[in-house]
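**Q** Predicted structure and sequence below. I'll ask about it afterward.
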Amino acid sequence: MSHNLYLYPKFIRLWHFINAVMFLLLIVTGLSMQYTAPDSPLIRFDIAVKLHDIGGITVSINYLLFLMGNMVTDNGKYYRIQAKGFTTELKGQFRYYIWGIFKGEAPPYPISKDRKFNPLQKLSYVLVMYMGMPVIILTGLALFFPQVFDLLGLGSLIVADVIHVLMGIVLTMFMLIHLYFSTFGRTMFSNFKSIISGWHESSQAPG
Amino acid sequence: MKNPALFKISILDDNLHFARVMIPLLFLLAGTAPINAQEGEPTGQRTTEGETVEKKFTNKEENALCLKCHANKYVRFTPEGSDQPYIFKMYSDCIIDTTKYYASNHWNFKCVDCHSSDYETYPHLAGLRFEYMATCLDCHGDDPEYAKFHFEKIQEQYEASVHFSKYSNEISCWSCHNSHYYKINARNRDQDIKMTIAYDNAICLGCHANTDNFEMIAERLNPDVTTTHEWLPNQANHFKSVRCIECHAEINDTLLVAHKILPKEQAVKKCVECHSSDSRLKASLYKYQLEEGASLVKDDMIGDAVLIGSRRSTTVNLLSNILILATVLGILGHWSLRIITRKKTKP
Ligand code: HEM
């Protein structure tokens, strides 16, 4: 019998849905623009540019909502890292992923009301949400308003551009890994169901 | 809506202005300011493809005879047999900016090298208005010293352009190459490419954004460039980053600057003609600057342009491919191990 936890309230699910859809759009259009093929474009360049602009603006606004949400609700607590013991926890979780999981061990830091994320999840979410996202949004804004960026005199747009592309790649990596780790639920799809329904199924791997 | 940003590159201008003021000032402070030669034979610097050549003016004295009227807003003239000077305004088109004149390609020319020496008398003879003006090829044609410019090829391309086919009488090489100020830009490697773009676009906008100049030639309304190019996103930025000829002229491999302007139906409209790794800009706008070389963030093919879709940095592209590949392989590897071991750990 699995016991269920209500982990993802409506506003997080809505936020996450918008984020996920727009991010997919950004990745597809971003790659399409980065690797344009004149004869067989994945998406026609001008359409890709427009969609990427729309995606970028939506994700930026959504990100602001996320920041505010984490400030005013207690969802923010899941993103605070206690320095003490954290490396040990990380090591434990890491060992589980490269060793324990193959031996059928139980996860060392099971999900509970007080621990929505395991230590590795926590670290990756914190890095992505508090470092990756600001960087990609700010460099994206620089590319969207090149004149304003010029005026700021922060240097060459090519640097912003290269950082934007690289961060896009890093976040794409995150997304792939994030998707993969989401299959670690009770069944392959139970975590996907939970980010839609809000209910987390006990992550005990099926026997 | 008119976009004022289209016609100015104020930031660059400001910086350049700042440099123009500060550099001589620094020299002065250091006490090493080059003492300018006497009026009549001042010296200056002229750069041709990197090498600096000392400029020696031999024409200033003689030109002063014309410029005493033609460099001023007002003419003071005392007709023969009169002691009363007449003062009147000079036509603005007849006023020569001497700074630009002496910085141009034809900096060491006397006015009367091109114009009839009959102009030495004033009032000028009425018939002089219709004198024959030498064309570029009259002087530069078949001259090995200018072979690298391919004047003959340019002439041929120009004669195949829309301007020639419609208005061979009204438009000439001089219409785009200002008779007194034309200065090489595209071939100047030391110059910021944005300055070249601004210079070259100003040539076209001199008619296509100037109703008077346009309508003097074509008896129809001048379509507004801003509206006819509305389809181009962030147009102001595009017009500062590419030249009109990038889209409107047919690329010619021998020429640095394409001169065959095509009818508007054949203009480049597809974004990927520029925004792709085989961007046409490599054969046009970036052609001369390309040999600058690459660095970590710059590709040797396009320099430091933020041209989405082209390969801006080989290093970054390589790194991206490796990172994504490593992630995918890592996931697949982990997944396979899970599938294999899951069967084993099954009770
Ligand atoms: C189609 C794409 C995506 C899918 C299917 C997806 C799926 C999921 C799932 C299943 C969870 C539940 C967490 C768990 O149980 O492990 C989750 C949570 C989360 N995801 Fe995603 N995700 C996607 C895209 C993204 C993107 C692009 C980001 C960030 C840039 C992101 C950031 C997060 C965060 C921060 C959480 C925790 C939310 C919270 O409860 O505070 N996700 N996602």
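**A** Sure thing, it's come through. Residues are numbered from 1 along each chain as shown, chains lettered A, B, ... in the order given.
**Q** Which element, helix or strand, includes the residue in chain A sticking out farthest from the centre?
**A** In chain A, A:D39 marks the outermost C-alpha relative to the chain mean, sitting 32.9 Å out by CA atoms, centre = their mean. When secondary structure is defined using DSSP states H and E, no element contains A:D39, which sits outside every helix and strand.
**Q** Next one: it from chain B, what distance?
**A** In this structure, A:D39 and chain B are 9 Å apart, going by CB to the nearest CB, to the nearest Å. (Glycine included, C-beta is placed from N, CA and C.)
**Q** swap in A:M133?
**A** When distances are taken as CB to the nearest CB, A:M133 and chain B turn out to be 18 Å apart.
**Q** Now do the strands in chain A.
**A** According to DSSP state E, chain A carries its strands in the segments A:4-6, A:199-201.
**Q** Tell me the spacing between the closest residue to A:Y63 other than its chain neighbours and the ligand.
**A** With CB to CB, 6 or more residues apart in numbering or on different chains as the criterion, A:Y63 has its nearest non-adjacent residue at 5.4 Å, and that residue is A:M133. Between A:M133 and the ligand the computed distance is 6 Å (CB to the nearest ligand atom, to the nearest Å).
**Q** tally of neighbours for A:M133?
**A** Residue crowding around A:M133 was assessed by other CB atoms under 10 Å in any protein chain shown; the count is 20.
**Q** Then A:T36?
**A** Applying other CB under 10 Å, we find 24 other residues in the vicinity of A:T36.
**Q** And it, how far from the ligand?
**A** The span separating A:T36 from the ligand equals 23 Å under the rule CB to the nearest ligand atom.
**Q** residues contacting that residue?
**A** Each residue near A:T36 by CB atoms under 8 Å, 6 or more residues apart in numbering or on different chains is listed here: A:F45, B:V272, B:H275, B:S276, B:S277, B:G309, B:S310.
**Q** The residue nearest to A:Y63 against A:N62, yeah?
**A** No - taking CB atoms under 8 Å as the contact criterion, A:M133 and A:N62 are not neighbours in contact, 9.8 Å apart.
**Q** just the helices in the chain please.
**A** By default, I'm working from chain A. A:10-34, A:45-72, A:86-98, A:119-127, A:133-144, A:146-152, A:157-181, A:190-197 (DSSP state H).
**Q** think we crossed wires, I meant chain B
**A** Listed from the start of the chain, chain B has helices (DSSP H) covering B:10-29, B:60-70, B:98-101, B:111-114, B:136-140, B:151-159, B:162-167, B:173-176, B:193-208, B:211-217, B:225-228, B:235-241, B:244-248, B:314-345.
**Q** what comes up buried for the last one?
**A** Of all the residues in helix B:314-345, those buried under the rule 16 or more other CB atoms under 10 Å in any protein chain shown are B:V316, B:N317, B:S320, B:I324, B:T327, B:I331, B:H334.
**Q** next one: the fifth one
**A** For helix B:136-140, a neighbour-count test (16+ other CB under 10 Å) marks B:C136, B:H140 as buried.
**Q** Check the third one too.
**A** Residues of helix B:98-101 classed as buried under the neighbour-count rule (16+ other CB under 10 Å) are B:Y101.
**Q** Averaged pLDDT, it. What do you get?
**A** Model confidence over helix B:98-101, given as mean pLDDT, is 95.
**Q** ok, now the last one?
**A** Confidence over helix B:314-345, taken as the mean pLDDT, stands at 88.
**Q** Between helix A:86-98 and that helix, find me the angle.
**A** Put simply, helix B:314-345 runs at 70 degrees to helix A:86-98, going by axes from the mean of the first three to the mean of the last three CA atoms, to 10 degrees.
**Q** Columns pLDDT and distance to A:V165 on top of the contacts of A:T36, output as JSON lines?
**A** JSON lines is the format used below for these (pLDDT from 0 to 100; distance: CB to CB, whole Å):
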{"residue": "A:F45", "pLDDT": "89", "distance to A:V165": "16"}
{"residue": "B:V272", "pLDDT": "88", "distance to A:V165": "18"}
{"residue": "B:H275", "pLDDT": "89", "distance to A:V165": "14"}
{"residue": "B:S276", "pLDDT": "84", "distance to A:V165": "16"}
{"residue": "B:S277", "pLDDT": "78", "distance to A:V165": "14"}
{"residue": "B:G309", "pLDDT": "79", "distance to A:V165": "11"}
{"residue": "B:S310", "pLDDT": "79", "distance to A:V165": "12"}
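**Q** For these, please prepare a markdown table with the additional fields neighbour count and distance to the ligand.
**A** Converted to a markdown table, those look like this (neighbours: other CB atoms under 10 Å in any protein chain shown; distance: CB to the nearest ligand atom, whole Å):
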| residue | neighbour count | distance to the ligand |
| --- | --- | --- |
| A:F45 | 23 | 24 |
| B:V272 | 22 | 28 |
| B:H275 | 20 | 26 |
| B:S276 | 24 | 27 |
| B:S277 | 20 | 28 |
| B:G309 | 23 | 24 |
| B:S310 | 22 | 27 |
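**Q** Find me the pLDDT at A:V72, would you?
**A** With respect to pLDDT, A:V72 scores 90.
**Q** Pull the number of nearby residues for it.
**A** A total of 9 residues lie near A:V72 under the criterion other CB under 10 Å.
**Q** closest point of chain A to chain B, which residue?
**A** Closest contact between chain A and chain B, by CB to the nearest CB, is at A:G104 (3.4 Å).
**Q** Where does the prediction get shaky in chain A?
**A** With pLDDT under 70 as the threshold, chain A has low-confidence stretches at A:1-3, A:38, A:40, A:202-207.
**Q** no wait, the stretch 1-150 of chain B
**A** B:1-53.
**Q** redo that, cut-off 90
**A** Flagging of the stretch 1-150 of chain B using pLDDT under 90 yields the residue ranges B:1-58, B:79-85, B:122-123, B:129, B:141-144.
**Q** What of the stretch 151-300 of chain B?
**A** Judged against pLDDT under 90, the low-scoring parts of the stretch 151-300 of chain B cover residues B:169, B:186-194, B:218-222, B:233-234, B:236-237, B:252-254, B:270, B:272-273, B:275-300.
**Q** Next up, the contacts around B:H124.
**A** By CB under 8 Å, 6+ apart, the neighbours of B:H124 are B:D118.
**Q** With A:M173 instead?
**A** Contacts for A:M173 were tallied using CB under 8 Å, 6+ apart; they are B:L323, B:I324, B:T327.
**Q** Reformat these as JSON lines; add distance to the ligand.
**A** Listed next are the contacts of A:M173 as JSON lines, based on distance: CB to the nearest ligand atom, whole Å:
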{"residue": "B:L323", "distance to the ligand": "17"}
{"residue": "B:I324", "distance to the ligand": "15"}
{"residue": "B:T327", "distance to the ligand": "14"}
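**Q** which of those residues are close to chain A?
**A** Of the entries in the contacts of A:M173, the ones placed beside chain A under the rule of CB under 8 Å from any CB of the partner chain are B:L323, B:I324, B:T327.
**Q** wait, what's in contact with the last one?
**A** Right, the one you point to is B:T327. With contact set as CB under 8 Å, 6+ apart, B:T327 has these partners: A:M173, A:L176, A:I177.
**Q** do the same with the first one
**A** Listed by CB under 8 Å, 6+ apart, the contact partners of B:L323 are A:I169, A:V170, A:M173.
**Q** please redo it, this time with the cut-off set to 7 Å
**A** When contacts are counted by CB atoms under 7 Å, 6 or more residues apart in numbering or on different chains, B:L323 is found next to A:I169, A:M173.
**Q** And it, how far from B:R338?
**A** 23 Å (CB to CB, to the nearest Å).
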